[in-house]
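>>> fold the following for me, if possible:
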Amino acid sequence: MFKGLALDVLGSRLSLRFAGVPEKKAYALWGDITKELARLDKIFNGDDPESEVSVLNASKVDIQTSDDFKQALNMCESYLIGTKGLFDISRGGREDLDFGGFSKGYALRRIAVLLKSAKVKDAFADFGGSLVMAIGKQPYSDCWKFTLVDPWTEDELEEIELSGECLAICGNTPERSGHILNPLTGRADESRRLSIVKTADPLDAQVLALVHLLASEQQKKDIAYNYKKYEPRIIELA
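Numbers count the residues shown, from 1 in each chain. Predicted structure coming up:
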């Protein structure tokens with residue numbers, strides 16, 4: 001079992017385990033993955049003033065962008081339509097773009113392609129505890145297991161079994177004043193909630209977990225019509 005850890009990537013950390021690959025090939029594959037992560041970080045990391053998104057936000061004019069950036073913008077436009085306007089990287093019409101609810105899922109999609117090209121059949125990626133991707137199963141088991149944790153108290157809530165699935169967790173988070181903020185609107189919420197989505201695609205999972213915190217019952221029905229075969233749920237925390 002190969003284990004790799006990448007720190008400070010897209011504002012988070014990525015741990016990756018995979019099996020069934022000779023040691024030399026495993027290290028070469030991990031090198032390709034970390035190189036790809038570093039490349040994507042230089043595009044989408046809004047905390048890096050030299051990243052592509054930061055340069056674009058600071059320039060306030062059209063600049064030459066990479067193919068990845070253009071593809072991401074098109075994909076975000078599709079998600080904006082598919083989620084009935086709830087997924088919006090412009091945060092409700094602001095001038096600055098924010099790929100925080102998109103980039104991890106996009107990165108895991110790219111990692112999945114690299115793993116598949118290396119013929120990896122069993123792998124588990126954990127992006128900061130908020131987005132996981134399970135390919136195949138853990139050796140000597142019939143699945144991978146992920147422990148869901150309360151982000152406020154760090155108490156263990158439940159153990160989730162995954163095989164060939166992705167899981168995204170999104171919560172309305174406390175600001176320094178103690179108020180609970182909605183991650184899409186930045187406005188105060190009255191309760192602590194976790195939105196959890198399980199589906200086959202990591203990017204769909206991340207986007208849908210985010211928007212389900214805001215969606216009305218009718219919007220959830222509309223979204224379910226556009227995105228098939230995903231399992232959403234909301235956990236209300238005390």
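
>>> count the residues that sit near the closest residue to residue 205 other than its chain neighbours.
Spatial nearest neighbour of residue 205, excluding adjacent residues (Cβ to Cβ, 6 or more residues apart in numbering): residue 168 at 3.8 Å. Backbone N, C-alpha and C define where each C-beta goes, glycine included. Around residue 168 there are 30 other residues, counting by other Cβ atoms under 10 Å.

>>> likewise residue 145?
12.

>>> was I right about it contacting residue 162?
Yes. Residue 145 is in contact with residue 162 according to Cβ atoms under 8 Å; the separation is 7.4 Å.

>>> so where's the chain shaky on pLDDT?
By pLDDT under 70, the weakly predicted segments of the chain are 60-61, 91-94, 173-190, 238.

>>> just list whatever residues bridge to the residue nearest to residue 205.
residue 131, residue 197 (DSSP bridges).

>>> state the distance from it to residue 59.
Applying Cβ to Cβ, to the nearest Å, the value for residue 168 to residue 59 is 31 Å.

>>> and what of residue 198?
Taken as Cβ to Cβ, the span from residue 198 to residue 59 is 39 Å.

>>> for those two, indicate the residue with more neighbours.
The neighbour comparison of residue 198 against residue 59 (other Cβ under 10 Å) goes to residue 198, with 20 against 9.

>>> wait, the more buried one sits on residue 167?
Yes. Residue 198 lies in contact with residue 167 (Cβ under 8 Å); the separation is 5.1 Å.

>>> quickly list what's touching both of these two.
Common contacts of residue 198 and residue 167 (Cβ atoms under 8 Å, 6 or more residues apart in numbering): 160, 205.

>>> lovely, talk soon.
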